[in-house]
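[1] here are the coordinates; sequence isn't available:
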DNA sequence: CTGTCTGCAAATGGTTTGCACCATA
DNA sequence: TATGGTGCAAACCATTTGCAGACAG
């Protein structure tokens, strides 16, 4: 839990954001930790988690957490959908514009105040299809 | 991991499915464990998890796992969406017909073989709105 | 200076699993 | 009676957190 609203601009935070924006794929916290470690061998996994959580809350990155295993992080803020491979668990951006949700008053639904939705497509990625034609 | 395809019809499995179908809400494994325990005090949490996993794979129930905490289980197989309260984390069925995804060839997308999608709305439930008007 | 952030390591907590016994078909 | 299932408890593992020292502003 992050309590304060003021945040320092630490070297660690800069590198984490920088490296996350650099990769085209959507790494897990552990994956990004490995990448960041190449620039900053002494950084800890805890720091990576803390900063990813903070950057997500600040709206500077997007956390992709659809259960079943590790969360993934996306440094690309543009509105787009995601595709998860059920075979290798990798996550790609969906090509083209996001598929919007059809219809419905999304404001007040059965007493609920609707804030948003989470959408994720799943399937088999080209790499896994090549390995074994499902 | 469940390996075999043959399954016995145990007393525990029957009660778990029966109780899950009885509740209108979508309990967590621990919540259902508490309910089932009233009928079967000696049942173990591990058995509840094993059976929920199995029933989900058999397509007899639906597992709702969108990260951020515990998975929830739905005994209602009819096609409908879900609403999660970000405040108390409860999950309700969305009223009315499911909001379909608009447009798009969903078959073969950028080399991906698309199998389906997961959609979940989030907001504040009536109970939490009553407590504090967000 | 001061209060936030970091590295480290231990704790957390939902879920899974190994094992010996049980019970279903 | 042959196997799959159960209860129990320990293991797992991604993530979180307490703490003392480091560092940004």
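    It's in. Predicted, not measured: the structure shown is a model, and the values here were computed from it. Numbering: from 1, shown residues only, chains lettered A, B, ... in the order given.
[2] Can you pull out the low-pLDDT segments for chain A?
    Across chain A, the ranges flagged by pLDDT under 70 are A:1-3, A:100-108, A:131-134.
[3] where along it do the strands fall?
    Remark: strands assigned in chain A by DSSP state E are A:62-64, A:72-74, A:82-85, A:91-93, A:108-109, A:112-124.
[4] How far off centre is the second one?
    Chain-centre distance of strand A:72-74: 2 Å, with C-alpha atoms, centre = their mean, to the nearest Å.
[5] Not counting it itself, show me its contacts.
    A:20, A:26-29, A:32, A:52, A:56, A:61-65, A:82, A:91, A:93 (C-beta atoms under 8 Å, 6 or more residues apart in numbering or on different chains). Using the backbone N, CA and C atoms, a C-beta is placed for each residue, glycine as well.
[6] Let me know the closest of those to residue B:118.
    Nearest to residue B:118 among the contacts of strand A:72-74: residue A:82, at 10.4 Å, using C-beta to C-beta.
[7] Across the sheet, point out what pairs with that closest one.
    The partner list for residue A:82 in beta bridges (DSSP bridges) reads residue A:93.
[8] Surely it is in contact with residue A:63?
    No. Contact between residue A:82 and residue A:63 fails when scored by C-beta atoms under 8 Å: they sit 11.5 Å apart.
[9] Can you pull the residues of chain A lying near chain B?
    For chain A, the contact set with chain B under C-beta under 8 Å from any C-beta of the partner chain comprises A:65-68, A:71, A:83, A:85-86, A:92, A:94-96, A:99-104, A:106, A:109-126, A:129, A:134.
[10] again, only using 6 Å
    Counting by C-beta under 6 Å from any C-beta of the partner chain, chain A comes close to chain B at A:65-68, A:83, A:95, A:99-102, A:104, A:110-115, A:117-126.
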